[in-house]
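Participant: Have a look at this prediction, sequence included:
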Amino acid sequence: MDTVLVAGATGTVGSALIPALLDRGVTVRAMTRDSGRVVPGAETVVADLRDPESVAAALKGADAIFLNSPSAPDAAEVQTRFADLARDAGVDRLVVLSQYAARADSPVRFLRWHAGVEAHVQELGIGHTVLRPNLYLQALLAFAATISQGFFTAPIGDAAVSAIDTRDIADAAAVVLTEAGHTGRTYTLTGPRAVTHDQIAEALSGALGREVAFHATSAGRFAAGLTGLLPPWQLEGLLEDYAHYARGEAAEVHTSVTDLTGAPARDVTDFARDHAAVFRSE
Ligand SMILES: NC(=O)c1ccc[n+]([C@@H]2O[C@H](COP(=O)([O-])OP(=O)(O)OC[C@H]3O[C@@H](n4cnc5c(N)ncnc54)[C@H](OP(=O)(O)O)[C@@H]3O)[C@@H](O)[C@H]2O)c1
């Protein structure tokens with residue numbers, strides 16, 4: 001039976017990927033820095049992506065890996081080193097979690113970092129697949145405190161984004177990690193339609209049974225509200241992301257989720273219904 005190593009196993013996509021892989025009957029090795037963490041159904045392996053020795057040990061005997069880590073100024077370095085260690089360990093299937101519109105010359109730093117990792121992996125000479133998901137619908141959970149009070153704000157105007165539910169990213173990743181035929185492919189993963197933040201507010205209002213309003217704001221005002229709460233690289237990167245969305249550059253709808261999983265991608269109304277309790281209780 002194949003062993004799949006999942007990095008970021010306790011995170012947004014990883015936590016949905018573990019059960020999706022278990023459903024497919026593979027052995028799952030969940031990577032975490034927390035030695036006290038139990039991931040049901042999976043072997044837990046303690047490793048830190050910034051500690052190459054721990055990563056090399058985690059990789060022993062893995063047949064496939066899910067390469068994912070949170071945004072950080074050294075994310076590209078950490079991820080390329082992980083990919084090198086995977087090659088050294090003889091892994092023959094590497095699935096890279098990148099981002100929609102990753103490009104070396106993007107004005108968005110996160111998209112440049114992801115493009116660097118993609119380019120590195122393409123030169124490694126091992127089987128690999130790249131997943132480029134659009135904005136996560138689960139990113140809305142960060143706005144739960146104000147949504148529970150009836151509003152949320154962002155510097156995005158009335159631009160539409162084909163935002164995706166991370167459960168669909170996990171389902172698509174489980175397919176490419178366990179089935180043949182995806183080597184060398186890049187899949188852009190989106191939701192089933194592009195939605196404006198007013199439409200997201202409408203979906204939340206429907207699910208909560210009470211009014212949730214979206215207030216568009218300027219980048220300057222948005223930044224002022226977060227200054228001191230986020231490190232500068234993160235705040236600047238977030239503003240670059242929003243400027244990219246506001247320019248309408250993340251509105252294409254792709255069919256990759258359905259093509260890979262055979263199921264329709266979840267809509268924002270599904271996301272709102274399934275997370276209503278979180279938005280009510282904050
Ligand atoms: N947010 C979006 O809308 C969006 C859209 C497209 C693409 N993306 C991309 O998605 C990726 C993941 O971002 P995310 O914020 O959702 O993160 P995430 O996948 O939730 O990852 C967080 C997890 O990473 C683990 N982790 C953190 N630092 C680590 C380290 N040094 N070594 C090993 N594990 C570590 C932590 O696990 P433990 O605490 O258990 O160790 C944590 O649970 C990023 O590359 C981002 O660019 C995000």
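Facilitator: Arrived safely, thanks for sending.

Participant: residues in contact with the closest residue to the ligand within the stretch 1-150 of the chain?
Facilitator: Of all residues in the stretch 1-150 of the chain, Gly11 sits closest to the ligand, with a separation of 2.4 Å (CB to the nearest ligand atom). Backbone N, C-alpha and C define where each C-beta goes, glycine included. Residues near Gly11 by CB atoms under 8 Å, 6 or more residues apart in numbering: 68, 70.

Participant: now it, what's its secondary structure?
Facilitator: For Gly11, the assignment made with DSSP: H, G, I helix; E, B strand; the rest coil gives coil.

Participant: Thr269 - that's part of a helix, no?
Facilitator: Yes. When classified by three-state DSSP, Thr269 is found to be part of a helix.

Participant: My guess is Leu111 contacts Ala101. True?
Facilitator: Yes. Counting by CB atoms under 8 Å, Ala101 is a contact partner of Leu111 at 5.8 Å.

Participant: who touches both of the two?
Facilitator: Shared contacts of Leu111 and Ala101, defined by CB under 8 Å, 6+ apart, comprise His244.

Participant: What ranges does the stretch 101-250 of the chain have for its helices?
Facilitator: Counting by DSSP state H, counting those that start in this stretch, one finds helices in the stretch 101-250 of the chain at the ranges 109-122, 144-147, 166-178, 197-208, 219-226, 232-246.

Participant: what's around Leu59, how many residues?
Facilitator: Neighbouring residues of Leu59 were enumerated by other CB atoms under 10 Å; the total is 22.

Participant: which residue packs closest to it, ignoring adjacent ones?
Facilitator: With CB to CB, 6 or more residues apart in numbering as the measure, Ala89 is the residue that lies nearest to Leu59, at 4.0 Å, once sequence neighbours are left out.

Participant: Up against the ligand, what does the stretch 51-200 of the chain have?
Facilitator: On the criterion CB under 6 Å from any ligand atom, the ligand has as its neighbours in the stretch 51-200 of the chain the residues 68-71, 97, 99, 110, 133, 135-136, 139.

Participant: Return the residues in contact with the closest residue in space to Thr261 that isn't next to it in sequence.
Facilitator: Spatial nearest neighbour of Thr261, excluding adjacent residues (CB to CB, 6+ apart): Asp171 at 4.7 Å. The contact partners of Asp171, by CB under 8 Å, 6+ apart, come to 16, 20, 257, 260-261, 263.

Participant: Which members of those define the maximum pairwise distance?
Facilitator: Ala16 and Leu260 (14.7 Å; CB to CB).

Participant: Quick check: buried residues in the helix or strand of the chain with the lowest mean pLDDT?
Facilitator: Lowest on mean pLDDT, DSSP states H and E among the helices and strands of the chain sits helix 276-281, with a mean of 92. Within helix 276-281, the residues that count as buried by 16 or more other CB atoms under 10 Å are Phe279.

Participant: how far out from the middle of the chain is that helix?
Facilitator: 22 Å (CA atoms, centre = their mean, to the nearest Å).

Participant: pretty sure Asp48 contacts Thr32?
Facilitator: No. At 9.4 Å, Asp48 and Thr32 do not qualify as touching, with contact defined as CB under 8 Å.
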